[in-house]
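1. Build me a structure from this.
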Amino acid sequence: MAAAESPSAALRRRDLCSRGIRLAGKMRADVVDLLDAYVEQQGLDASASVAAVEGVPLAAVERWDEQTGTQRLLENLAAYRAFRALLAQMLEEQREQLGEADAGLGRALAAVLLQVSAFAYHLEELLRLESRGIPGEEGDEEEDGPPPPPRLSLFEQKLRGLGVLRELAQWAVRSVRDLRQLAKPSPATGAASGLAESP
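-> Model prediction:
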């Protein structure tokens, strides 16, 4: 961004970031609760080692502090689009396996899926504000997220679900950090408004 950001755009960005931070915090709390219920209901060991989930970028990133705001938003958006597809698949598998036997877990999964979709939309709004095109905006909703994985055994599905929820909890933490970073005034904005560097 070569030109200084207008005060109204800076205010809007800070407002969107603040709302995003609250959304991500609530989502993380709900995912942690869901993770506990999922482990118990699926009969899994909470400390089970799980391979990285294909199609989901890892929340841990080298040189995090060197990323631009746009890079942060694009990585977050890619991750949440992948989670949206994976959670929808988990929900479908859950219904096939249990039917109405555990409606509570299905409702909790559906609620988190809704939060992930809302958060992805929120990130898109922030990208629009940054005047960046949104990848995949041309109506290819069906294609977002990872390609469907090969058919897994029931146990493999359970382990993949555990991995998805763990990584989603990590992403919620990273999203809060990313949005806090993005909410800081840019040097151009700070200079324009006479603000010194924030501590």
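
2. For the rest of this, base every contact and every neighbour count on C-alpha atoms.
-> Will do.

3. what residue is smack in the middle of the chain?
-> Tyr80 (3.9 Å; CA atoms, centre = their mean).

4. Does the one helix or strand that one maps to pack against any helices or strands, and if so which?
-> Applying DSSP states H and E as the criterion places Tyr80 in helix 69-98. Counting contacts by 3 or more CA pairs under 8 Å, 6 or more residues apart in numbering; DSSP states H and E, helix 69-98 is packed against helix 103-129, helix 154-183.

5. Adding mean pLDDT and distance to Asp33, write those out as CSV.
-> Shown next, in CSV, are the helices and strands packed on helix 69-98 (pLDDT from 0 to 100; distance: least, CA to CA, whole Å):
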stretch, mean pLDDT, distance to Asp33
helix 103-129, 93, 9
helix 154-183, 92, 10
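
6. My read is that the residue nearest to the centre of the chain contacts Leu114, right?
-> No: using CA atoms under 8 Å, Tyr80 makes no contact with Leu114, being 11.2 Å away.

7. quick one, what contacts Arg95?
-> By CA atoms under 8 Å, 6 or more residues apart in numbering, the residues touching Arg95 are Gly106.

8. Return the distance of it relative to Arg12.
-> 41 Å (CA to CA, to the nearest Å).

9. Ok, Ala169 next?
-> 27 Å.

10. what about those two, which has more around it?
-> Of the pair Ala169 and Arg12, Ala169 is the one with more neighbours under other CA atoms under 10 Å, namely 22 against 15.

11. excluding its backbone neighbours, what's nearest the more buried one?
-> Residue nearest to Ala169 in three dimensions, not counting chain neighbours: Arg28, with 5.3 Å by CA to CA, 6 or more residues apart in numbering.

12. Report the rounded mean pLDDT for the helix or strand containing that neighbour.
-> Using DSSP H and E, Arg28 maps to helix 7-42. Helix 7-42 comes out with an average pLDDT of 92.

13. Skipping its backbone neighbours, what lies nearest Lys158 in space?
-> Gln42 is the one closest to Lys158 (CA to CA, 6+ apart), at 6.8 Å.

14. how close does that neighbour get to Glu92?
-> For Gln42, the distance to Glu92 (CA to CA) stands at 15 Å.

15. Ok, Val173 next?
-> Distance from Val173 to Glu92, by CA to CA: 26 Å.

16. ok, now Glu125?
-> Taken as CA to CA, the span from Glu125 to Glu92 is 29 Å.

17. now Ala110
-> Using CA to CA, Ala110 is found at 10 Å from Glu92.

18. How about Ile21: what's its closest non-neighbour residue?
-> Using CA to CA, 6+ apart and skipping residues adjacent in sequence, the residue nearest Ile21 is Val176, 5.1 Å away.

19. before we move on, the earlier item: list the buried residues for the helix holding Arg28?
-> Buried residues in helix 7-42, defined by neighbour count with 16 or more other CA atoms under 10 Å: 10, 13-14, 16-18, 20-21, 23-25, 27-28, 30-31, 34-35, 38-39.
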